[in-house]
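>>> Kindly return the folded structure for what I paste below:
(one chain, ligands or ions: 1)
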Amino acid sequence: MTTLRLAQGATASRILGIGSFQPERIVTNDELSQTMDTTDEWILERVGIAERRFAAKDESLVDMAVIAGANAVADAGLAPSDVDTVILANCTMPTPIPNGAAQVADRIGVKAAGAFDLNAACAGFCYALNLASDLVRAGSARRVLVIGAEKLTDWIDPVDRANAIIFADGAGAAVVGPADEPGIGPVVWGSAGDVVDLIGMRDGVIYQEGQSVFRWATTQIAPIALRALAVAGIEPSDVDVLIPHQANLRIVESIAKKLRAKGAREDMVVADDIVYSGNTSSASIPMAMDHMRAAGLVKPGDVALLVGFGAGLSYAGQVVICP
Ligand code: COA
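Sure, this is the predicted structure:
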(Lines give C-alpha, C1' and ligand atoms only; values in the text may rest on other atoms or scores of the structure.)
Protein backbone atom coordinates (compact mmCIF):
# COMPACT_ATOMS: atom_id res chain seq x y z
CA MET A 1 0.00 0.00 0.00
CA THR A 2 1.25 3.47 -0.81
CA THR A 3 1.49 5.77 2.17
CA LEU A 4 1.38 9.49 1.60
CA ARG A 5 3.82 11.67 3.45
CA LEU A 6 2.23 14.40 5.59
CA ALA A 7 3.48 17.96 6.02
CA GLN A 8 5.31 18.60 9.27
CA GLY A 9 3.95 21.60 11.13
CA ALA A 10 5.22 23.71 13.99
CA THR A 11 4.60 22.84 17.65
CA ALA A 12 2.76 26.12 18.12
CA SER A 13 2.17 29.45 16.43
CA ARG A 14 2.35 33.07 17.45
CA ILE A 15 1.93 36.59 16.10
CA LEU A 16 5.37 37.74 14.98
CA GLY A 17 4.51 41.33 14.05
CA ILE A 18 1.61 43.70 13.47
CA GLY A 19 0.92 46.78 11.36
CA SER A 20 -1.89 49.04 10.26
CA PHE A 21 -2.86 51.83 7.91
CA GLN A 22 -5.50 54.54 7.93
CA PRO A 23 -6.35 56.96 5.14
CA GLU A 24 -5.36 60.57 5.66
CA ARG A 25 -8.78 62.19 5.61
CA ILE A 26 -10.32 62.68 9.07
CA VAL A 27 -14.10 63.07 9.10
CA THR A 28 -15.55 64.62 12.25
CA ASN A 29 -19.10 64.32 13.55
CA ASP A 30 -19.58 68.02 12.86
CA GLU A 31 -18.68 67.45 9.21
CA LEU A 32 -21.26 64.66 8.95
CA SER A 33 -23.90 66.84 10.60
CA GLN A 34 -23.59 69.23 7.66
CA THR A 35 -24.96 66.61 5.25
CA MET A 36 -27.40 64.67 7.47
CA ASP A 37 -29.68 65.20 10.41
CA THR A 38 -27.34 64.25 13.26
CA THR A 39 -25.17 65.88 15.93
CA ASP A 40 -21.77 65.39 17.55
CA GLU A 41 -23.54 64.85 20.91
CA TRP A 42 -25.85 62.11 19.55
CA ILE A 43 -23.03 60.18 17.90
CA LEU A 44 -20.71 60.44 20.91
CA GLU A 45 -23.43 59.35 23.32
CA ARG A 46 -24.95 56.49 21.26
CA VAL A 47 -21.90 55.13 19.44
CA GLY A 48 -18.82 56.73 21.05
CA ILE A 49 -17.23 57.82 17.77
CA ALA A 50 -15.57 61.27 17.71
CA GLU A 51 -14.04 60.97 14.24
CA ARG A 52 -13.22 58.39 11.60
CA ARG A 53 -11.10 58.09 8.44
CA PHE A 54 -12.49 57.95 4.89
CA ALA A 55 -10.32 56.74 2.01
CA ALA A 56 -9.85 58.94 -1.04
CA LYS A 57 -11.84 58.05 -4.18
CA ASP A 58 -8.79 56.52 -5.86
CA GLU A 59 -7.51 54.79 -2.69
CA SER A 60 -8.58 51.14 -2.77
CA LEU A 61 -9.02 48.39 -0.20
CA VAL A 62 -6.00 46.68 -1.74
CA ASP A 63 -3.93 49.90 -1.47
CA MET A 64 -4.63 50.07 2.26
CA ALA A 65 -4.04 46.34 2.78
CA VAL A 66 -0.63 46.57 1.04
CA ILE A 67 0.62 49.24 3.45
CA ALA A 68 -0.73 47.54 6.59
CA GLY A 69 0.64 44.19 5.43
CA ALA A 70 4.08 45.56 4.59
CA ASN A 71 4.20 47.27 8.00
CA ALA A 72 3.41 43.97 9.74
CA VAL A 73 6.11 42.10 7.80
CA ALA A 74 8.67 44.80 8.70
CA ASP A 75 7.52 44.75 12.33
CA ALA A 76 8.14 41.00 12.43
CA GLY A 77 11.71 41.67 11.27
CA LEU A 78 11.06 39.64 8.14
CA ALA A 79 11.43 40.12 4.39
CA PRO A 80 8.42 39.54 2.10
CA SER A 81 10.21 36.41 0.83
CA ASP A 82 9.87 34.91 4.33
CA VAL A 83 6.07 34.87 3.93
CA ASP A 84 4.39 32.15 1.86
CA THR A 85 0.66 32.70 2.40
CA VAL A 86 -1.56 35.78 2.43
CA ILE A 87 -5.13 35.84 3.79
CA LEU A 88 -7.12 39.01 3.22
CA ALA A 89 -10.20 39.20 5.44
CA ASN A 90 -12.72 41.67 4.06
CA CYS A 91 -16.33 42.12 3.03
CA THR A 92 -16.03 45.22 0.84
CA MET A 93 -14.01 44.32 -2.24
CA PRO A 94 -15.46 46.22 -5.22
CA THR A 95 -15.92 42.96 -7.19
CA PRO A 96 -15.87 39.27 -6.16
CA ILE A 97 -13.06 38.49 -8.62
CA PRO A 98 -10.15 38.91 -8.78
CA ASN A 99 -9.57 38.39 -5.08
CA GLY A 100 -7.59 41.00 -3.18
CA ALA A 101 -5.04 38.72 -1.48
CA ALA A 102 -3.13 37.79 -4.65
CA GLN A 103 -2.80 41.47 -5.58
CA VAL A 104 -1.64 42.39 -2.08
CA ALA A 105 0.90 39.55 -2.06
CA ASP A 106 2.31 40.61 -5.43
CA ARG A 107 2.56 44.29 -4.49
CA ILE A 108 4.26 43.54 -1.16
CA GLY A 109 6.70 41.20 -2.90
CA VAL A 110 5.51 37.84 -1.55
CA LYS A 111 6.24 35.73 -4.61
CA ALA A 112 3.83 32.96 -5.66
CA ALA A 113 2.00 33.20 -2.38
CA GLY A 114 -0.92 31.02 -1.46
CA ALA A 115 -3.45 33.85 -1.42
CA PHE A 116 -7.15 34.04 -0.77
CA ASP A 117 -9.84 36.34 0.60
CA LEU A 118 -11.97 35.37 3.58
CA ASN A 119 -15.35 36.89 4.34
CA ALA A 120 -16.71 36.63 7.85
CA ALA A 121 -17.50 40.37 7.93
CA CYS A 122 -16.46 42.00 11.22
CA ALA A 123 -15.35 38.62 12.61
CA GLY A 124 -13.08 38.11 9.59
CA PHE A 125 -9.75 38.92 11.23
CA CYS A 126 -10.29 36.43 14.08
CA TYR A 127 -11.36 33.75 11.58
CA ALA A 128 -8.30 34.42 9.43
CA LEU A 129 -5.97 34.49 12.43
CA ASN A 130 -7.18 31.06 13.51
CA LEU A 131 -6.82 29.70 10.01
CA ALA A 132 -3.26 31.07 9.79
CA SER A 133 -2.39 29.48 13.10
CA ASP A 134 -3.78 26.11 11.99
CA LEU A 135 -1.95 26.30 8.63
CA VAL A 136 1.36 26.88 10.43
CA ARG A 137 0.72 24.08 12.92
CA ALA A 138 -0.36 21.66 10.19
CA GLY A 139 2.65 22.47 8.03
CA SER A 140 0.61 23.90 5.13
CA ALA A 141 2.32 27.26 5.54
CA ARG A 142 5.44 28.56 7.23
CA ARG A 143 4.53 32.22 7.74
CA VAL A 144 1.14 33.71 6.99
CA LEU A 145 0.32 37.36 6.51
CA VAL A 146 -3.20 37.97 7.81
CA ILE A 147 -4.81 41.26 6.86
CA GLY A 148 -8.20 42.77 7.68
CA ALA A 149 -8.97 45.65 5.31
CA GLU A 150 -12.14 47.48 4.39
CA LYS A 151 -13.32 50.35 2.28
CA LEU A 152 -16.78 50.54 3.80
CA THR A 153 -17.43 54.01 2.41
CA ASP A 154 -17.88 52.44 -1.04
CA TRP A 155 -20.95 50.65 0.36
CA ILE A 156 -22.61 53.36 2.43
CA ASP A 157 -25.43 55.65 1.55
CA PRO A 158 -23.75 58.93 2.56
CA VAL A 159 -27.00 60.37 3.91
CA ASP A 160 -28.13 57.25 5.82
CA ARG A 161 -27.55 58.56 9.31
CA ALA A 162 -27.78 55.15 10.97
CA ASN A 163 -24.80 53.76 9.03
CA ALA A 164 -22.83 56.68 7.61
CA ILE A 165 -21.87 57.77 11.12
CA ILE A 166 -20.54 54.34 12.11
CA PHE A 167 -18.54 52.83 9.28
CA ALA A 168 -15.07 53.87 8.08
CA ASP A 169 -12.02 52.71 6.14
CA GLY A 170 -8.65 51.22 7.12
CA ALA A 171 -6.50 48.12 7.40
CA GLY A 172 -4.70 46.10 10.07
CA ALA A 173 -2.39 43.10 9.74
CA ALA A 174 -0.46 40.44 11.60
CA VAL A 175 2.22 37.94 10.58
CA VAL A 176 1.71 34.46 12.04
CA GLY A 177 4.61 32.04 12.25
CA PRO A 178 6.00 29.04 14.16
CA ALA A 179 6.70 29.15 17.88
CA ASP A 180 7.93 26.85 20.64
CA GLU A 181 5.25 28.06 23.07
CA PRO A 182 1.61 28.72 22.09
CA GLY A 183 0.99 32.39 21.25
CA ILE A 184 -2.44 31.93 19.65
CA GLY A 185 -5.07 30.03 21.62
CA PRO A 186 -7.84 27.83 20.22
CA VAL A 187 -10.66 29.69 18.52
CA VAL A 188 -14.28 29.75 19.60
CA TRP A 189 -16.23 30.52 16.49
CA GLY A 190 -19.73 30.13 15.19
CA SER A 191 -22.63 31.77 13.47
CA ALA A 192 -26.28 32.64 13.86
CA GLY A 193 -27.55 32.39 10.31
CA ASP A 194 -31.13 32.37 11.56
CA VAL A 195 -30.78 36.13 12.08
CA VAL A 196 -28.88 36.74 8.83
CA ASP A 197 -31.27 39.56 7.88
CA LEU A 198 -30.07 41.83 10.69
CA ILE A 199 -27.09 43.15 8.66
CA GLY A 200 -26.63 43.04 4.92
CA MET A 201 -26.50 44.89 1.63
CA ARG A 202 -29.56 46.13 -0.19
CA ASP A 203 -29.44 48.10 -3.45
CA GLY A 204 -25.66 48.31 -3.17
CA VAL A 205 -25.53 49.80 0.33
CA ILE A 206 -25.25 48.44 3.87
CA TYR A 207 -28.37 48.24 6.03
CA GLN A 208 -28.72 46.97 9.57
CA GLU A 209 -31.33 46.63 12.25
CA GLY A 210 -29.24 48.54 14.73
CA GLN A 211 -31.14 47.84 17.93
CA SER A 212 -31.40 44.07 17.29
CA VAL A 213 -27.70 43.88 16.44
CA PHE A 214 -26.92 45.88 19.56
CA ARG A 215 -28.96 43.49 21.73
CA TRP A 216 -27.36 40.42 20.13
CA ALA A 217 -23.85 41.78 20.63
CA THR A 218 -24.40 42.85 24.22
CA THR A 219 -25.91 39.50 25.25
CA GLN A 220 -24.10 36.87 23.11
CA ILE A 221 -20.51 38.07 22.78
CA ALA A 222 -19.30 38.15 26.39
CA PRO A 223 -20.14 34.43 26.88
CA ILE A 224 -18.22 33.64 23.67
CA ALA A 225 -15.24 35.63 24.97
CA LEU A 226 -15.37 33.69 28.25
CA ARG A 227 -15.40 30.40 26.31
CA ALA A 228 -12.32 31.55 24.37
CA LEU A 229 -10.57 32.06 27.72
CA ALA A 230 -11.69 28.66 28.99
CA VAL A 231 -10.46 26.72 25.95
CA ALA A 232 -7.09 28.47 26.25
CA GLY A 233 -6.87 27.60 29.96
CA ILE A 234 -6.83 31.27 30.90
CA GLU A 235 -8.68 32.89 33.81
CA PRO A 236 -10.47 36.22 33.26
CA SER A 237 -8.02 37.75 35.76
CA ASP A 238 -5.10 36.77 33.47
CA VAL A 239 -6.31 39.04 30.65
CA ASP A 240 -4.17 42.17 30.27
CA VAL A 241 -5.91 43.56 27.18
CA LEU A 242 -9.43 43.17 25.79
CA ILE A 243 -9.77 43.92 22.07
CA PRO A 244 -13.33 43.34 20.87
CA HIS A 245 -14.42 44.35 17.39
CA GLN A 246 -14.88 48.10 17.46
CA ALA A 247 -18.57 48.21 16.51
CA ASN A 248 -19.94 50.66 19.05
CA LEU A 249 -18.22 51.90 22.23
CA ARG A 250 -21.28 50.95 24.29
CA ILE A 251 -21.01 47.36 23.05
CA VAL A 252 -17.28 47.32 23.93
CA GLU A 253 -18.00 48.67 27.42
CA SER A 254 -20.81 46.16 27.95
CA ILE A 255 -18.50 43.23 27.08
CA ALA A 256 -15.79 44.59 29.40
CA LYS A 257 -18.30 45.00 32.24
CA LYS A 258 -19.52 41.41 31.85
CA LEU A 259 -15.96 40.06 31.85
CA ARG A 260 -15.13 42.08 34.97
CA ALA A 261 -18.20 40.61 36.66
CA LYS A 262 -16.57 37.21 35.98
CA GLY A 263 -13.20 38.18 37.43
CA ALA A 264 -11.41 40.26 34.79
CA ARG A 265 -9.26 42.94 36.43
CA GLU A 266 -10.29 46.58 36.76
CA ASP A 267 -6.91 47.51 35.24
CA MET A 268 -7.51 45.31 32.17
CA VAL A 269 -6.87 47.62 29.20
CA VAL A 270 -9.96 47.84 26.98
CA ALA A 271 -9.62 48.88 23.33
CA ASP A 272 -11.51 52.07 22.49
CA ASP A 273 -9.98 52.66 19.08
CA ILE A 274 -13.47 53.24 17.68
CA VAL A 275 -13.40 56.75 19.16
CA TYR A 276 -10.90 57.92 16.53
CA SER A 277 -11.23 55.20 13.88
CA GLY A 278 -14.94 54.36 13.61
CA ASN A 279 -16.12 50.85 12.80
CA THR A 280 -13.74 49.37 10.22
CA SER A 281 -15.18 45.83 10.27
CA SER A 282 -12.46 43.19 9.76
CA ALA A 283 -9.71 45.82 10.17
CA SER A 284 -10.76 47.03 13.59
CA ILE A 285 -9.08 44.44 15.86
CA PRO A 286 -5.55 44.43 14.36
CA MET A 287 -5.70 48.21 13.88
CA ALA A 288 -6.69 48.70 17.53
CA MET A 289 -3.87 46.41 18.68
CA ASP A 290 -1.33 48.33 16.58
CA HIS A 291 -2.56 51.73 17.79
CA MET A 292 -2.60 50.57 21.42
CA ARG A 293 0.93 49.25 21.18
CA ALA A 294 2.10 52.56 19.67
CA ALA A 295 0.43 54.38 22.59
CA GLY A 296 2.19 52.10 25.12
CA LEU A 297 -1.09 50.47 26.23
CA VAL A 298 -0.11 47.04 24.90
CA LYS A 299 3.30 45.51 25.61
CA PRO A 300 5.00 42.47 24.10
CA GLY A 301 3.98 39.41 26.12
CA ASP A 302 0.62 40.82 27.21
CA VAL A 303 -2.29 38.37 27.22
CA ALA A 304 -4.93 39.76 24.85
CA LEU A 305 -8.48 38.52 24.36
CA LEU A 306 -9.78 39.16 20.84
CA VAL A 307 -13.41 38.77 19.82
CA GLY A 308 -14.93 39.66 16.45
CA PHE A 309 -18.63 39.67 15.57
CA GLY A 310 -20.87 41.02 12.85
CA ALA A 311 -22.80 40.26 9.68
CA GLY A 312 -23.65 36.61 9.12
CA LEU A 313 -24.19 36.81 11.96
CA SER A 314 -20.70 35.41 12.60
CA TYR A 315 -18.38 35.52 15.58
CA ALA A 316 -14.91 34.32 16.58
CA GLY A 317 -12.67 34.85 19.58
CA GLN A 318 -9.27 33.72 20.81
CA VAL A 319 -6.53 34.54 23.28
CA VAL A 320 -3.20 35.74 21.87
CA ILE A 321 0.13 36.77 23.29
CA CYS A 322 0.94 40.24 21.97
CA PRO A 323 4.11 40.62 19.87
N1 COA B 1 -28.28 61.05 14.58
C2 COA B 1 -29.38 61.44 15.24
N3 COA B 1 -30.43 60.66 15.43
C4 COA B 1 -30.38 59.41 14.94
C5 COA B 1 -29.25 58.93 14.24
C6 COA B 1 -28.18 59.81 14.06
N7 COA B 1 -27.05 59.45 13.43
N8 COA B 1 -29.49 57.65 13.90
C9 COA B 1 -30.71 57.33 14.34
N10 COA B 1 -31.24 58.41 14.97
C11 COA B 1 -32.55 58.53 15.62
C12 COA B 1 -33.56 57.55 15.08
O13 COA B 1 -34.18 58.02 13.91
C14 COA B 1 -34.49 57.45 16.24
O15 COA B 1 -35.37 58.56 16.22
P16 COA B 1 -36.92 58.44 16.65
O17 COA B 1 -36.88 57.95 18.08
O18 COA B 1 -37.41 59.82 16.49
O19 COA B 1 -37.50 57.44 15.72
C20 COA B 1 -33.60 57.58 17.46
O21 COA B 1 -32.41 58.25 17.00
C22 COA B 1 -33.22 56.28 18.08
O23 COA B 1 -32.86 55.40 17.00
P24 COA B 1 -32.29 53.98 17.26
O25 COA B 1 -32.08 53.29 15.95
O26 COA B 1 -33.17 53.33 18.28
O27 COA B 1 -30.89 54.38 17.90
P28 COA B 1 -29.90 53.50 18.69
O29 COA B 1 -29.63 54.05 20.02
O30 COA B 1 -30.24 52.04 18.60
O31 COA B 1 -28.58 53.74 17.85
C32 COA B 1 -27.21 52.52 16.34
C33 COA B 1 -28.49 53.30 16.53
C34 COA B 1 -27.16 51.97 14.93
C35 COA B 1 -26.06 53.47 16.58
C36 COA B 1 -27.16 51.40 17.41
O37 COA B 1 -28.36 50.66 17.36
C38 COA B 1 -26.00 50.49 17.23
O39 COA B 1 -24.87 50.88 17.37
N40 COA B 1 -26.28 49.22 16.96
C41 COA B 1 -25.25 48.25 16.75
C42 COA B 1 -24.76 48.46 15.37
C43 COA B 1 -23.48 47.76 15.13
O44 COA B 1 -22.63 47.71 15.97
N45 COA B 1 -23.37 47.25 13.94
C46 COA B 1 -22.22 46.68 13.45
C47 COA B 1 -22.05 45.33 13.92
S48 COA B 1 -20.58 44.83 13.25
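
>>> Let me know how buried Pro300 is, in neighbour terms.
Other residues near Pro300 number 8, with proximity taken as other Cβ atoms under 10 Å. (C-beta placed from N, C-alpha, C; glycine too.)

>>> same question, Ala261
When neighbours are counted by other Cβ under 10 Å, Ala261 registers 10.

>>> Ala121 too?
Using other Cβ under 10 Å, Ala121 has 24 other residues around it.

>>> Disregarding residues adjacent in the polypeptide, which is nearest to it?
In space, and not counting its chain neighbours, Ala121 is closest to Ala311: 3.6 Å by Cβ to Cβ, 6 or more residues apart in numbering.

>>> In terms of pLDDT, where does that neighbour sit?
You'll see Ala311 listed with a pLDDT of 95.

>>> Okay, helices next: where are they in the chain?
29-32, 40-46, 61-75, 100-108, 124-138, 210-232, 249-261, 274-277, 284-294 (DSSP state H).

>>> taking the mean pLDDT, what do you get for the first one?
Model confidence over helix 29-32 averages 97 on the pLDDT scale.

>>> contacting residues around that helix?
Thr38, Thr39, Asp40, Ile43, Leu44, Ile49, Ala50, Glu51, Ala164, Ile165 (Cβ atoms under 8 Å, 6 or more residues apart in numbering).

>>> before we move on, what about the last one?
If you take Cβ under 8 Å, 6+ apart as the criterion, helix 284-294 is touched by 18-20, 22, 68, 71-72, 122, 125-126, 146-148, 170-174, 241, 243-247, 269, 271, 273-274, 277, 280, 298-299, 304, 306, 308, 322.

>>> What is the neighbour count of Gly77?
Neighbours of Gly77 using other Cβ under 10 Å come to 10.

>>> Identify the residue nearest it in space, chain neighbours excluded?
Excluding the flanking residues, the one nearest Gly77 by Cβ to Cβ, 6+ apart is Gly17, at 6.9 Å.

>>> The one you found contacts Gly172, doesn't it?
No - with contacts counted by Cβ atoms under 8 Å, Gly17 stays clear of Gly172, the gap being 11.9 Å.

>>> who has more neighbours, those two?
In this view Gly17 and Gly172 are compared by other Cβ under 10 Å, and Gly172 has more residues nearby, 35 against 21.

>>> nearest residue to that one other than its sequence neighbours?
Closest residue in space to Gly172, ignoring its immediate chain neighbours: Pro286 at 2.8 Å, by Cβ to Cβ, 6+ apart.

>>> With Gln208 instead?
Using Cβ to Cβ, 6+ apart and skipping residues adjacent in sequence, the residue nearest Gln208 is Ile199, 4.3 Å away.

>>> The one you found against Phe309, yeah?
No - applying Cβ under 8 Å as the test, Ile199 and Phe309 come out as separate, 10.4 Å apart.

>>> Next, work out how far apart the residue nearest to Gly77 and the ligand are.
26 Å (Cβ to the nearest ligand atom, to the nearest Å).

>>> got the contact list for the closest residue to the ligand within the stretch 201-323 of the chain?
Nearest residue of the stretch 201-323 of the chain to the ligand, counting by Cβ to the nearest ligand atom: Gly210, 2.8 Å away. Applying Cβ under 8 Å, 6+ apart to Gly210 gives the contacts Ala162.

>>> which residues of this structure score low on pLDDT?
Judged by pLDDT under 70, the chain has no weakly predicted residues.

>>> near the ligand, which residues of it show up?
38, 42-43, 46-47, 122, 161-162, 165, 208, 210-211, 213-214, 247-248, 251, 279, 310 (Cβ under 6 Å from any ligand atom).

>>> ok, 8 Å please
Contact residues, the chain versus the ligand (Cβ under 8 Å from any ligand atom): 32, 36-39, 42-43, 46-47, 121-122, 161-166, 199, 208, 210-211, 213-214, 217, 245, 247-248, 250-251, 279, 281, 309-311.

>>> And for the residue of the stretch 1-150 of the chain found nearest the ligand, the neighbour number?
The stretch 1-150 of the chain approaches the ligand most closely through Thr38 (3.2 Å), counting by Cβ to the nearest ligand atom. Neighbours of Thr38 under the rule other Cβ under 10 Å: 18.

>>> Next, give phi and psi for the closest residue to it other than its chain neighbours.
Distances taken as Cβ to Cβ, 6+ apart place Arg161 nearest to Thr38, at 4.9 Å, with adjacent residues excluded. Arg161 adopts backbone torsions of phi -70, psi -20, taken as degrees, to the nearest 10.

>>> gap between Arg161 and Leu198?
18 Å (Cβ to Cβ, to the nearest Å).
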